[in-house]
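[1] 3D model of this:
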Amino acid sequence: MADPVADPWESEAGELFRNFQKTEPQRKRLSVEETSYITQFVRDNPDLTISKATGIERFQAKQCPLPDGRLLIICKGKPNATGSHFYLSRGSFYGAFLKMFIVTKAEPRLAFFIPGTPEYEALKRGKIVFAFTRMGRAEQVFEFDYNLTDHGNILRRMQEMTEQTDDILRNEPRCVYDHELVRAEATDIELCKKHVTREDWLQVWLAQGIESSPSEHSSGRVGAKDRTSHCP
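    Numbers count the residues shown, from 1 in each chain. Below is the predicted model:
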């Protein structure tokens, strides 16, 4: 496999990944009315919460656009003190995606944004509301506005790169577009390793078994310059 540093795309993707983490984006304190609105929205949409205690789905956050255009991210558990999160542009045999890593006090959470989906388009507005839930109820709610800092420019470039990757993969005959398989294949088991159960490994094995070539899957690449390597 080629050295990812030698690939200009990989080099820029890594630099953006690091730059986003250098400082925290601007966190906005929500009013009592806004917090109540988000809490009620989560309560009225139970499909947005993750109730499973096992299976790789529990590592995934859920997301949807709010009626006012902001993006809502729903995570099970509690955030760390600053609500830390960051992004990485990637691709796979099932399509291109932008991966969000969310730091919590227990199991890590991951969210995936796929070009062409409403969630991906809402992300472009740069206003993200996090709702951390327990037993299906939102217990902590806060908002980040990337437009107030350079995080907005960094994220826009990440999305541009993700869309470029998407265009390349749509012309790749071995790529089979499937959003659910993107989420399953891209759930970072190494990141979540100490929380993974036997059932989780079975799900990963089944997802990987769909690949026609184990050697291709192990490298995470479709071609020499395909932009599908796993995160650093």
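
[2] Could you pull out the helices in this structure for me?
    For the chain, the helices defined by DSSP state H cover 8-22, 32-44, 118-123, 151-170, 179-186, 198-209, 214-219.

[3] Now the third one: buried residues?
    Put plainly, it is helix 118-123. Residues of helix 118-123 classed as buried under the neighbour-count rule (16 or more other Cβ atoms under 10 Å) are 119, 120, 122, 123. (Glycine included, C-beta is placed from N, CA and C.)

[4] Verify the stated contact: the first one with residue 72.
    No - contact status for residue 119 versus residue 72: not in contact, 9.1 Å apart, counting by Cβ atoms under 8 Å.

[5] what sits in contact with each of these two?
    Common contact partners of residue 119 and residue 72 (Cβ atoms under 8 Å, 6 or more residues apart in numbering): 63, 64, 65.

[6] can you redo these as JSON lines with pLDDT, neighbour count and distance to residue 167?
    Formatted as JSON lines, these follow (pLDDT from 0 to 100; neighbours: other Cβ atoms under 10 Å; distance: Cβ to Cβ, whole Å):
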{"residue": "63", "pLDDT": "91", "neighbour count": "24", "distance to residue 167": "23"}
{"residue": "64", "pLDDT": "94", "neighbour count": "15", "distance to residue 167": "26"}
{"residue": "65", "pLDDT": "95", "neighbour count": "17", "distance to residue 167": "24"}
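
[7] Return the member of these nearest to residue 38.
    residue 64 (11.7 Å; Cβ to Cβ).

[8] count of neighbours near the closest residue to that closest one other than its chain neighbours?
    Of all residues not flanking residue 64 in the chain, residue 72 sits nearest, at 5.6 Å (Cβ to Cβ, 6 or more residues apart in numbering). Residue 72 is flanked by 23 other residues according to other Cβ atoms under 10 Å.
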